[in-house]
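[1] Provided below for reference: sequence and predicted model.
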There are 2 protein chains.
Amino acid sequence: MIDKIIIAEDQESANLSVQKIMEELQISQSDHVFYCDDALNKIKAAGQQGRPYDLLITDLSFEADGTNQQIRNGFELIRSVRALQPGIQVLVFSGEHRPVIIDSLYEEYEVDAYVRKARHDVQELKCAFDALSKQQRYYPRAIAQLIKQSNTYEFTEFDINIIRLLSQGYQQNEIPAYLRQRNIRPSSLSTIEKRLNQIREELGFTKNEQLVLFCKEAGIL
Amino acid sequence: MIDKIIIAEDQESANLSVQKIMEELQISQSDHVFYCDDALNKIKAAGQQGRPYDLLITDLSFEADGTNQQIRNGFELIRSVRALQPGIQVLVFSGEHRPVIIDSLYEEYEVDAYVRKARHDVQELKCAFDALSKQQRYYPRAIAQLIKQSNTYEFTEFDINIIRLLSQGYQQNEIPAYLRQRNIRPSSLSTIEKRLNQIREELGFTKNEQLVLFCKEAGIL
DNA sequence: TTAATGGTTACGGTTTGCCGTAAAAAAATG
DNA sequence: CATTTTTTTACGGCAAACCGTAACCATTAA
């Protein structure tokens, strides 16, 4: 049974809609905040008072606005909250569509539900809520599709390193020194060239410019 | 006086909040649709019945969902609507933050107001509405700041052409032929090299990979 | 220990990109 | 129209990137 929830969302209109939807679902106690820090504080206080929240609904990206905040985004918030109250259910409500990110939410952050801000999100929120009420995780099929569709080329840590350096203006022949300095192996120019060649080939690209753009769009950079 | 409006927004929850806000503002007739085509049709019908809409509130990005739609985004919608009913006021409500895009909304599309889906968007929507009621344009100061901040490096049509081709995998020495085929001038390899060099220099970049990423983030690509 | 395997590195030839100079063409000026 | 200025182009030398081959080295199995 879920009857005490907290909504963390900086965008006022989105925050409002979630509140309305929760009203319709007859949640007895629903709080909302516009900053991650406020969310954590409220969760902490509620726990200490023996009336913990059952569910956190949070966005991923929060915009800095000059106020001094410790927690700057949904990822950090989830980590902090789970450290404090591991049993709390977490529903992420965000516009994020990049498969790698959504995947990491379920795998690394172990969220209980992800609902994408998109066409039928109100209905999806209600479905997700139902599932969570039964202590089930909610994994919308639209997302399963997205992840399947995505050219699931597996970038290694090493690959991402190289591509990031390129996108920062490093020349390929400067990269070995950089890697050696950090004891990253392999580090030879030859291997770097070979990796890039292989990656381009597998993705059907001819230029690193394409690769950089691809990684940006996929959320890897 | 604004008393008949239409909301075009595919994201259900956002559509809902705008409806709520318009209720609070006591709009007598407020319609909402989830597709651009529906918006245009309703506006057309209303005009023919002699009861035209005063205001269109629209998002910019609409997601394709398999249904066959003629108009696929807010830009196209604005164009079509203005061709049909030039006097209608247009308020864009979108998450878009890239200065070039917002700038083009005011300059090229001549929208009456832009409100960014962000922290205080509800309040901003109300302010914008007030301004529009008095037949004023609404140009939030936060956006003026954004546009000022932005490294306003002036890319020409030509520059963007080259950079786009690079990001699509063209080699530099293939570009002259491409340009000549389309009668774009200048077209020599030398000029292309020179432009790229100049652009990189002015932005403090050393590699085209950086440039491509920069253009992507700035909304130019 | 030896042999085999897979990944890493070194190296050389070729292509592409980079950058300066100077000629040619186009545009602006008197 | 002639002259100056600017833009575009052609070319050449050099550096970087590309790509194949072969040597090297670590790990594992025989």
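    Ah, there it is.
[2] just give me the neighbour total for residue A:28.
    Residues lying near residue A:28 (other Cβ atoms under 10 Å in any protein chain shown) number 8. Where you see a C-beta, it was placed from the backbone N, CA and C, and this is true even at glycine.
[3] tally of neighbours for the nearest residue to it once chain neighbours are set aside?
    Among residues not flanking residue A:28 along the chain, residue A:3 sits closest, at 4.6 Å (Cβ to Cβ, 6 or more residues apart in numbering or on different chains). Around residue A:3 there are 13 other residues, counting by other Cβ under 10 Å.
[4] wait, what's in contact with the closest residue to DNA strand C within chain A?
    DNA strand C sits closest to residue A:186 of chain A, with a gap of 2.8 Å, by Cβ to the nearest atom of the strand. By Cβ atoms under 8 Å, 6 or more residues apart in numbering or on different chains, residue A:186 lies in contact with A:158, A:179.
[5] next, it: secondary structure please.
    Using DSSP: H, G, I helix; E, B strand; the rest coil, the structure places residue A:186 in coil.
[6] after the helix or strand bottoming out on mean pLDDT in chain A, which helix or strand is next?
    Every helix and strand of chain A was ranked by mean pLDDT, DSSP states H and E. The lowest is helix A:141-149, at a mean of 70. Following helix A:141-149 in sequence order, the next helix or strand is helix A:157-167 (DSSP states H and E).
[7] with just CA atoms, put that next one into CSV.
    Provided in CSV are the C-alpha atoms of helix A:157-167 (Å, rounded to 0.1, in the frame of the first residue of the first chain):
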residue,chain,number,x,y,z
GLU,A,157,35.5,2.2,-21.0
PHE,A,158,38.6,2.5,-23.2
ASP,A,159,36.6,3.3,-26.3
ILE,A,160,34.7,6.1,-24.5
ASN,A,161,38.0,7.4,-23.1
ILE,A,162,39.5,7.8,-26.6
ILE,A,163,36.4,9.3,-28.1
ARG,A,164,36.1,11.8,-25.3
LEU,A,165,39.7,12.9,-25.7
LEU,A,166,39.1,13.4,-29.4
SER,A,167,36.1,15.5,-28.8
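[8] and DNA strand C, is that helix touching that?
    No. Using Cβ under 7 Å from any atom of the strand, helix A:157-167 stays clear of DNA strand C, with a minimum separation of 7.9 Å.
[9] hmm, who's touching whichever helix or strand comes after that helix?
    The helix or strand immediately downstream of helix A:157-167 is helix A:175-181, counting by DSSP H and E. Contacts of helix A:175-181 with the rest of the structure, by Cβ under 8 Å, 6+ apart, involve A:161-162, A:165, A:170, A:185-189, A:192.
[10] helices or strands up against the helix or strand in which residue A:105 is found?
    Taking DSSP H and E as the definition, one finds residue A:105 inside helix A:99-107. If contacts are counted by 3 or more Cβ pairs under 8 Å, 6 or more residues apart in numbering or on different chains; DSSP states H and E, helix A:99-107 sits against strand A:113-116, helix A:141-149.
[11] got the buried residues for stretch A:164-179?
    When burial is assessed from 16 or more other Cβ atoms under 10 Å in any protein chain shown, stretch A:164-179 yields the following buried residues: A:165-167, A:170, A:175-176, A:179.
[12] what of stretch A:2-14?
    Within stretch A:2-14, the residues scored as buried using 16+ other Cβ under 10 Å are A:2, A:4-14.
[13] roughly how far apart are the nearest residue to residue A:72 once chain neighbours are set aside and residue A:129?
    Distances taken as Cβ to Cβ, 6+ apart put residue A:62 closest to residue A:72, at 6.4 Å, once the chain neighbours are dropped. Distance of residue A:62 to residue A:129, computed by Cβ to Cβ, to the nearest Å: 22 Å.
[14] for residue A:117, same thing?
    Using Cβ to Cβ, one gets 16 Å for the distance from residue A:117 to residue A:129.
[15] so for the residue in chain A positioned nearest to DNA strand D, what's the pLDDT?
    Among the residues of chain A, residue A:172 lies closest to DNA strand D, at 3.4 Å counting by Cβ to the nearest atom of the strand. In this model, residue A:172 is scored at 94, pLDDT.
[16] tally of neighbours for residue A:36?
    With neighbours defined by other Cβ under 10 Å, the count for residue A:36 comes to 25.
[17] and the residue nearest to it when sequence neighbours are not counted, what pLDDT?
    Distances taken as Cβ to Cβ, 6+ apart put residue A:71 closest to residue A:36, at 3.7 Å, once the chain neighbours are dropped. If you check residue A:71, the pLDDT there is 97.
[18] which element is residue A:71 on?
    Counting by DSSP H and E, residue A:71 is found in no helix or strand.
[19] give me the number of residues near it?
    Residues contacting residue A:71 under the criterion other Cβ under 10 Å number 20.
[20] and it, how far is that from residue A:33?
    Residue A:71 is 11 Å from residue A:33, by Cβ to Cβ.
[21] between these two, which contacts overlap?
    Common contacts of residue A:71 and residue A:33 (Cβ under 8 Å, 6+ apart): residue A:39.
[22] ok, the residue nearest to residue A:28 to residue A:46 distance?
    With Cβ to Cβ as the criterion, residue A:3 and residue A:46 are 13 Å apart.
[23] and chain A, which residues reach DNA strand C?
    Neighbours of DNA strand C within chain A, by Cβ under 7 Å from any atom of the strand: A:185-191, A:194, A:207.
[24] turn those into TSV, columns for pLDDT and distance to DNA strand D.
    As requested, these are exported to TSV (pLDDT from 0 to 100; distance: Cβ to the nearest atom of the strand, whole Å):
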residue	pLDDT	distance to DNA strand D
A:185	83	10
A:186	90	11
A:187	91	14
A:188	92	10
A:189	94	8
A:190	91	5
A:191	93	10
A:194	92	7
A:207	94	6
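[25] got a ChimeraX select line for the buried ones in these?
    The ChimeraX selection below is limited to those of those classed as buried (16+ other Cβ under 10 Å):
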select /A:187,191,207
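[26] and which of the residues of chain A next to DNA strand C is nearest residue B:217?
    For the residues of chain A next to DNA strand C, the minimum distance to residue B:217 (Cβ to Cβ) is 18.7 Å, reached by residue A:207.
[27] surely that closest one and residue B:171 touch.
    Yes. Using Cβ atoms under 8 Å, residue A:207 is in contact with residue B:171, at 7.2 Å.
[28] flag every residue of chain A that's near DNA strand D.
    With Cβ under 7 Å from any atom of the strand as the criterion, chain A meets DNA strand D at residues A:171-173, A:190, A:193, A:196-197, A:200, A:207-208.
[29] can you do 6 Å?
    Within chain A, the positions near DNA strand D by Cβ under 6 Å from any atom of the strand are A:171-173, A:190, A:193, A:196-197, A:208.
[30] restrict these to contacts with chain B.
    With Cβ under 8 Å from any Cβ of the partner chain as the criterion, the residues of chain A next to DNA strand D include A:171, A:208 near chain B.
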